[in-house]
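Asks: Test case, fold it:
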Amino acid sequence: TSPIHRLAAPASEDAAVAEDMMRQARILRGGGGGIADKMFPGYKDKIWAALPQGIKESRVKGANNAFESHIAQHKKWQGYLLAWKDMEKNFAPSQKFRKQAVDWRRQMERGTMHYGRWYEGPNGTDYRPGNTHDRLLDVKAPFTEAEWAERKEYRSFDLMKFGYMCLGLFLAYRVTNEWPVVWCEEKKQCIEDQ
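Replies: Purely as a prediction, here's the structure:
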């Protein structure tokens, strides 16, 4: 059966062009239609041919208008989104106005945070020439021995030890279990034959 619904027979070439433009196709899935197509081949074409011309035209126009309305909506949204994308690049932070300082979170993580007045530094320094202190010299050990000992009490389990423990359990499992041995019967028969 033809999946294309046709209008009545054209009277001229213009009508043939109009007919081609007004064809309505449907998507065939699952082997060429449903059970009705198999029981009554071509029933949709027969129904379409029996419909009055006005109904045919309105159905085709409705389908075309629905299709074109989706395209128009897409074009409208595309205009909005492209305008936003053009404007979006202006929101990127500029190096010209960057903050010339390290924020307090990073200083705390690095262990270089100093709590006090802006002109006071650690160890009695105030950042005058000759009275400075480089806080980045001691980033590897920012804690005192007492603080480090306290932190070790809440340390998470060592991943290396955990990996070795899992490997040991796996090897113990492999060693202590019996594994089936598959004997090849054909080889046995070959040996007996010799």
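Asks: quick one: stretch 57-71 to chain centroid distance?
Replies: A distance of 34 Å separates the centroid of the chain from that of stretch 57-71, by C-alpha atoms, centre = their mean, to the nearest Å.
Asks: Can you find the helix or strand of this structure with the lowest average pLDDT?
Replies: Using mean pLDDT, DSSP states H and E, the weakest-scoring helix or strand in the chain turns out to be strand 4-5, at a mean of 46.
Asks: Now do the buried residues in the helix ranked longest in the chain.
Replies: Determined from DSSP state H, the single longest helix within the chain is helix 53-88. Of the residues in helix 53-88, 56, 60 count as buried by neighbour count, 16 or more other C-beta atoms under 10 Å. Glycine gets a C-beta too; all of them are placed from N, C-alpha and C.
Asks: quick check, distance from that helix to the centre of its chain.
Replies: On C-alpha atoms, centre = their mean, the centre of helix 53-88 falls 28 Å from the chain's centre.
Asks: which helices and strands does that helix pack with?
Replies: Of the remaining helices and strands, those touching helix 53-88 by 3 or more C-beta pairs under 8 Å, 6 or more residues apart in numbering; DSSP states H and E are strand 24-25.
Asks: Next secondary structure after the strand it packs on?
Replies: Downstream of strand 24-25, the next assigned helix or strand under DSSP states H and E is helix 35-39.
Asks: That next one - contacts with which helices or strands?
Replies: Partner elements for helix 35-39 (3+ C-beta pairs under 8 Å, 6+ apart): helix 43-50.
Asks: CA atoms only: put the helix it packs on into PDB for me.
Replies: Presented in PDB, the C-alpha positions along helix 43-50 are these (Å, rounded to 0.1, in the frame of the first residue of the first chain):
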ATOM      1  CA  TYR A  43      -7.800   1.300   3.200                       C
ATOM      2  CA  LYS A  44      -6.300   4.700   4.100                       C
ATOM      3  CA  ASP A  45      -5.900   5.600   0.400                       C
ATOM      4  CA  LYS A  46      -9.600   4.600  -0.200                       C
ATOM      5  CA  ILE A  47     -10.800   6.700   2.700                       C
ATOM      6  CA  TRP A  48      -8.600   9.700   1.600                       C
ATOM      7  CA  ALA A  49     -10.000   9.400  -2.000                       C
ATOM      8  CA  ALA A  50     -13.600   9.400  -0.600                       C
END
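Asks: Before I go, just wanted to say thanks for your time.
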